[in-house]
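Visitor: Kindly return the folded structure for what I paste below:
(chains A, B, C and D)
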Protein chains: 2
Amino acid sequence: MDELGERKEKILNAIIQNYLETGEPVGSRTISKITDMNLSSATIRNEMSDLEELGYIVQPHTSSGRIPSDKGYRFYVDHLMATKEREVTEIKDMMIEKTEKMEQLLKQVVKVLANNTQYATMISAPSVQRNRLKFVQLSAVDEHQILSVVVMEGNIVKNKIIPVEEPLSNENMLKLNILLNTNLNGLTVEQINLGMITKLKEQAGIHEDIIAQVLNTVAETIHEDDDLEIYTSGATNIFKYPELSDSQKASELISAFEEKQALADLVTVTQGDGETGIQVYIGDESPIQTMKDCSVVTATYELGEGVKGTIGIIGPKRMDYENVMDNLKNLKVQLDKILKKE
Amino acid sequence: MDELGERKEKILNAIIQNYLETGEPVGSRTISKITDMNLSSATIRNEMSDLEELGYIVQPHTSSGRIPSDKGYRFYVDHLMATKEREVTEIKDMMIEKTEKMEQLLKQVVKVLANNTQYATMISAPSVQRNRLKFVQLSAVDEHQILSVVVMEGNIVKNKIIPVEEPLSNENMLKLNILLNTNLNGLTVEQINLGMITKLKEQAGIHEDIIAQVLNTVAETIHEDDDLEIYTSGATNIFKYPELSDSQKASELISAFEEKQALADLVTVTQGDGETGIQVYIGDESPIQTMKDCSVVTATYELGEGVKGTIGIIGPKRMDYENVMDNLKNLKVQLDKILKKE
DNA sequence: GTTAGCACTCTAATGGTTTGAGTGCTAACA
DNA sequence: TGTTAGCACTCAAACCATTAGAGTGCTAAC
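Guide: Numbering: from 1, shown residues only, chains lettered A, B, ... in the order given. Coordinates of the predicted model:
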């Protein structure tokens, strides 16, 4: 299914590249001219018709040029894009200075990145997000208080007193402990979300009211200092791209940046492609609904074992993927250098 | 100059109120109908002509209705607006809960405020902003190091070692000390801005290079933990007001909110009207240039002697001043209660 | 398989016309 | 002298028809 034939690939590539540059639908004549294949526009037209049928390109309206579909972009990113291996370039505009405070550093990073790419950027402070839950233990302190002990991988222990109205029977306590451990063990902190919690509540059955409270408090305990420190920059860059800058869309997007809550999903989801640690979401692929008209490129950076952060770049679908990924790779290297050194 | 005559005042009031509601230029016929003065549109027309000549209203173009000018708004706010003394209303939508962390509280406050007013809001964390500089002393430690001692009102002392390339003569040191003290004493930390600094540099004359460095470091010293904690919310509310939501303006405004730097000027400037502590900036009156098409209403809240924070609401000039000021008054009371109690 | 040619489609731009809200001015009126 | 009715005038916005141009799909010929 990924065999299009060399000629079609070449044409698709030309279409996408041209569209990335101009932002205008591109017609057969243009392609005929900019490629070196010596084909007339009519021939290109036939090929384009095929490509459209295959779903790689679409027409905004009959009798206009074609623009890439999400599938087209995906193919481009996966197969066509020139993955230039130019060596790590110096960051030109601004140097990222070493600074005592992590916060300062991150703020600077997003700013530089937004400046270099002209897209909207975000970065999450490094956290133990990937740290897994090893063990949960609830035990009755007295009739109205339960002690919850949570052990994370790496033997980080958190505990908290939970007040309850009615005492729990030993039997129920045991059931609850089993329920919690079988369901939560091995999960990362981020995987324990609302959906999970409601599922647990259901399974808990009769004692839902008490148990719900316990569960909430457990979740709360774990999330405790889940401060969700996310820094953003260049949100207003989206105004540079007409396809995103009508009031409606711009407002939604910028709200997402202002609230930051939604961006947390990006951090959660991003695992990173094994090799480069860079992931590309095109349009609907994005984990954030409000960004379905955008593309999102994320990367993870490491501070130490399991302590990771996420960098994200959000722009129009016709973003300069090459440049963006380049920038991210560079940044990863730079960050590694700075963070490891200090 | 503030005597317009009762009739003109009534008409001006009617014009402004109608414009606040509709956002459309208002014509003579409308006024004739909505007022209870039994005047024909023709008469109103004459009066409006006068009001325009006096500068309280303007025509977007010949043969359209009138809209208030900045002067008109100002007059409205100062003299016409019904300052309803309704008692402190309950906050309906959300309760502001007491919370251990100041940060949480402030974030909640701006959010509630933005929600209630449908404008953009900001709040600065309480700080010793109004603290004044009492005394500055530079003295040579050795050939390459100068010790700067800064004393703030309340006898808070800060000092820092400043490295210099060439030693300063005693004479120059003296000159510098005088210069600093005569210029800086009595100023609040916030009043020492870049403009001030360049002015000082100029006056410093020949030794500009050394002196510049010294000055910078002094400024830096003083600003030291000037973390400028500002929280914002509802920036995207500006899209609700067509007069602010074209790409250009929206982008500038939202950038200001994103950067937050500019908002600091608001905090700096706001002294608060003696009685209510509420200040209104209409259009060009705003201390922030990018907000010259907006109105800005600020209030200060107190945590203790000299420790103050600023709340700001930014919206279109035709904002609902009454409602906004009401909300701010309420909030002040609530904040006082919460902060003092804890 | 490729291409030239042509009819067709659709958007965007252009420009003239109409509509309606609103003004300013004048002359009449109380 | 202040108020009003009436009327000519102005201007933005909406509307409509037309045109220009880019681009397509299809057919027939090479």
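Visitor: What residue spans form the domains of chain A?
Guide: Domain ranges of chain A: A:6-80, A:102-127+A:227-341, A:133-223, per automatic domain parsing.
Visitor: Please identify the most buried of those.
Guide: domain A:102-127+A:227-341 (a mean of 19; mean count of other Cβ atoms under 10 Å in any protein chain shown). Every residue, glycine included, has its C-beta placed from N, CA and C.
Visitor: Hmm, A:N115 is touching A:G234, no?
Guide: Yes: when contacts are counted by Cβ atoms under 8 Å, A:N115 is listed as touching A:G234 (7.2 Å).
Visitor: Identify the residues contacting the residue in the stretch 151-300 of chain A that DNA strand C sits nearest to.
Guide: Taking Cβ to the nearest atom of the strand, DNA strand C has its nearest neighbour within the stretch 151-300 of chain A at A:P242, 10.6 Å off. Taking Cβ atoms under 8 Å, 6 or more residues apart in numbering or on different chains as the criterion, A:P242 is in contact with A:G23.
Visitor: Check A:G283 too.
Guide: A:D70, A:Y73, A:K292, A:D293, A:C294, A:S295, A:K317.
Visitor: DNA strand D contacts on chain A?
Guide: Within chain A, the positions lying close to DNA strand D (Cβ under 7 Å from any atom of the strand) are A:24-30, A:41-42, A:45, A:48-49, A:52, A:59, A:62-66.
Visitor: And the residue of the stretch 1-150 of chain A that's closest to DNA strand D?
Guide: Closest point on the stretch 1-150 of chain A to DNA strand D, by Cβ to the nearest atom of the strand, is A:G27, at 2.8 Å.
Visitor: Could you give the backbone dihedrals for the residue lying closest to that residue once chain neighbours are set aside?
Guide: Once flanking residues are discounted, A:G27 sits nearest to A:G65: 3.9 Å by Cβ to Cβ, 6 or more residues apart in numbering or on different chains. Main-chain dihedrals, A:G65, degrees, to the nearest 10: phi -70, psi -180.
Visitor: quick one on the thing from earlier: which of the residues of chain A next to DNA strand D fall in helices?
Guide: A:S28, A:R29, A:T30, A:S41, A:A42, A:R45, A:M48, A:S49, A:E52 (DSSP state H).
Visitor: Dump those residues to a markdown table, plus pLDDT and distance to DNA strand C.
Guide: Below are these laid out as a markdown table (pLDDT from 0 to 100; distance: Cβ to the nearest atom of the strand, whole Å):
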| residue | pLDDT | distance to DNA strand C |
| --- | --- | --- |
| A:S28 | 94 | 9 |
| A:R29 | 94 | 10 |
| A:T30 | 94 | 15 |
| A:S41 | 92 | 7 |
| A:A42 | 94 | 4 |
| A:R45 | 95 | 7 |
| A:M48 | 95 | 12 |
| A:S49 | 95 | 11 |
| A:E52 | 95 | 15 |
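Visitor: Point me to the helix or strand that includes A:L176.
Guide: Secondary structure assigned from DSSP states H and E places A:L176 in helix A:170-184.
Visitor: circling back: looking at the contacts of A:G283, which are in strands?
Guide: Per DSSP state E, strands hold the following members of the contacts of A:G283: A:C294, A:S295.
Visitor: Would you mind giving the contacts of A:G283 as JSON lines with distance to A:Q279 added?
Guide: Formatted as JSON lines, the contacts of A:G283 follow (distance: Cβ to Cβ, whole Å):
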{"residue": "A:D70", "distance to A:Q279": "15"}
{"residue": "A:Y73", "distance to A:Q279": "14"}
{"residue": "A:K292", "distance to A:Q279": "16"}
{"residue": "A:D293", "distance to A:Q279": "18"}
{"residue": "A:C294", "distance to A:Q279": "14"}
{"residue": "A:S295", "distance to A:Q279": "11"}
{"residue": "A:K317", "distance to A:Q279": "16"}
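Visitor: Any chance of a markdown table for the contacts of A:G283, columns pLDDT and distance to DNA strand C?
Guide: Formatted as a markdown table, the contacts of A:G283 follow (pLDDT from 0 to 100; distance: Cβ to the nearest atom of the strand, whole Å):
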| residue | pLDDT | distance to DNA strand C |
| --- | --- | --- |
| A:D70 | 96 | 22 |
| A:Y73 | 97 | 22 |
| A:K292 | 93 | 22 |
| A:D293 | 94 | 17 |
| A:C294 | 96 | 21 |
| A:S295 | 97 | 23 |
| A:K317 | 97 | 18 |
